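Participant: turn this into a structure:
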Amino acid sequence: MLDEWNADPLNDTEYELLPAGSFTVTSATGATVNGNSWTFNFAAKELDRNISVILDKSMLDLSKQYAFGLQISNTTVGEPSIGLGNSIVSILIKNDYDGVYNLTGDMVDAAVAEISGMFDVDYHLVTTGANTVIGWDPNVYEDNYIPIWSGTAASGYGAYCPIFTFDPNTNKITSVVNSWGQPASNGRYAAIDPSGVNEWDPVTRDIQVKFFMYQPSSVPLPNPRVTFDWVMEYKGARP
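Facilitator: As a prediction, this is how the structure comes out:
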């Protein structure tokens, strides 16, 4: 199933099967467990059940994308809904920088004076690799954006969101790029501001970082359009 999924150019994935011994099936609500198979007895109008799997992170490479295939092999009443008889379940282990943060700091937009930062709000960092995370806005778009104020209206920069890369030996942030492309279709790209602290604190898990958004069509190079100066206070793990 994974080979077929990866081979489809529309999916654009390179999933690898979870290594043998790296996972244990522990429980499934109201189910009989037999190895990697579960048998459920659903009541009338019951829609879902939870399946629990424990992963051994020491056997996994956080720079890789893992997945497994899930298949409904037999039903005693009715048939699986179209497209739901087979499914790919993707797995990505959270790295040390992943989590929910309280975002404060400052930002300046050199092109539009009425744009300001939306601060003292939650902001998520989501694992994309062993030492990389992508920003996630849970406030306005619930997507990979940066929430901002445009006057008094909540807004965000289209096709712009940071991916932070950390050096695990020094805890320094070594690069910031735009997840939508370098540049994105609208010409926006990111870069780290070397004048910042640009560091993750392994004790508090807080992050300080300065970075730029360049958009030459709005502000000619070599100047950035936006300067971000962020402090991210760690609040806890993402759900």
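Participant: low-confidence stretches in the protein?
Facilitator: Judged by pLDDT under 70, the chain has its weakly predicted residues at 27-30, 80-84.
Participant: geometric centre of it: which residue is closest?
Facilitator: Compute the mean C-alpha point of the chain, and by CA atoms, centre = their mean the closest residue is residue 126, 3.2 Å away.
Participant: the helix or strand harbouring it - contacts with which helices or strands?
Facilitator: Element membership of residue 126 [criterion: DSSP states H and E] is strand 121-129. Taking 3 or more CB pairs under 8 Å, 6 or more residues apart in numbering; DSSP states H and E as the contact definition, the neighbouring helices and strands of strand 121-129 are strand 99-109, strand 132-136, strand 226-236. From N, CA and C alone the C-beta is placed, and that goes for glycine too.
Participant: 6 Å - rerun?
Facilitator: Contact here means 3 or more CB pairs under 6 Å, 6 or more residues apart in numbering; DSSP states H and E; on that basis strand 121-129 packs against strand 99-109, strand 132-136.
Participant: tell me which of those strands is the most buried.
Facilitator: Each of these was given a mean neighbour count from mean count of other CB atoms under 10 Å, and the largest, a mean of 21, is that of strand 132-136.
Participant: ok, residue 183 - contacts?
Facilitator: With contacts taken as CB atoms under 6 Å, 6 or more residues apart in numbering, residue 183 has the following neighbours: residue 189.
Participant: tell me the secondary structure at it.
Facilitator: Taken by DSSP: H, G, I helix; E, B strand; the rest coil, the conformation at residue 183 corresponds to coil.
Participant: all numbers from here: first residue = 2
Facilitator: Okay, using 2 as the starting number, the last item reads as residue 184.
Participant: relative to residue 215, how far out is it?
Facilitator: Applying CB to CB, to the nearest Å, one obtains 8 Å for the distance of residue 184 from residue 215.
Participant: between those two, which contacts overlap?
Facilitator: The contact sets of residue 184 and residue 215 overlap at residue 190 (CB under 6 Å, 6+ apart).
Participant: tell me where the protein has helices.
Facilitator: Counting by DSSP state H, residue ranges of the helices within the chain are 3-8.
Participant: give me the domain ranges for this structure.
Facilitator: 3-92, 100-237 (automatic domain parsing).
Participant: just name the most buried of those.
Facilitator: Per residue and on average, the most neighbours among those fall to domain 100-237, with a mean of 17 (mean count of other CB under 10 Å).
Participant: measure it end to end?
Facilitator: End-to-end distance of domain 100-237: 6 Å, with CA to CA, to the nearest Å as the criterion.
Participant: what of stretch 53-72?
Facilitator: Across stretch 53-72, the straight-line distance between its terminal residues is 16 Å, by CA to CA.
Participant: next one: that stretch to chain centre, how far?
Facilitator: Its chain's C-alpha centre lies 16 Å from the corresponding centre of stretch 53-72 when counted by CA atoms, centre = their mean, to the nearest Å.
Participant: how about stretch 159-177?
Facilitator: On the basis of CA atoms, centre = their mean, stretch 159-177 is displaced by 13 Å from the centre of the chain it belongs to.
Participant: before we move on, what about stretch 118-125?
Facilitator: Using CA atoms, centre = their mean, we find the averaged C-alpha position of stretch 118-125 to lie 16 Å away from the chain's own average C-alpha position.
Participant: over to stretch 138-156?
Facilitator: 17 Å.
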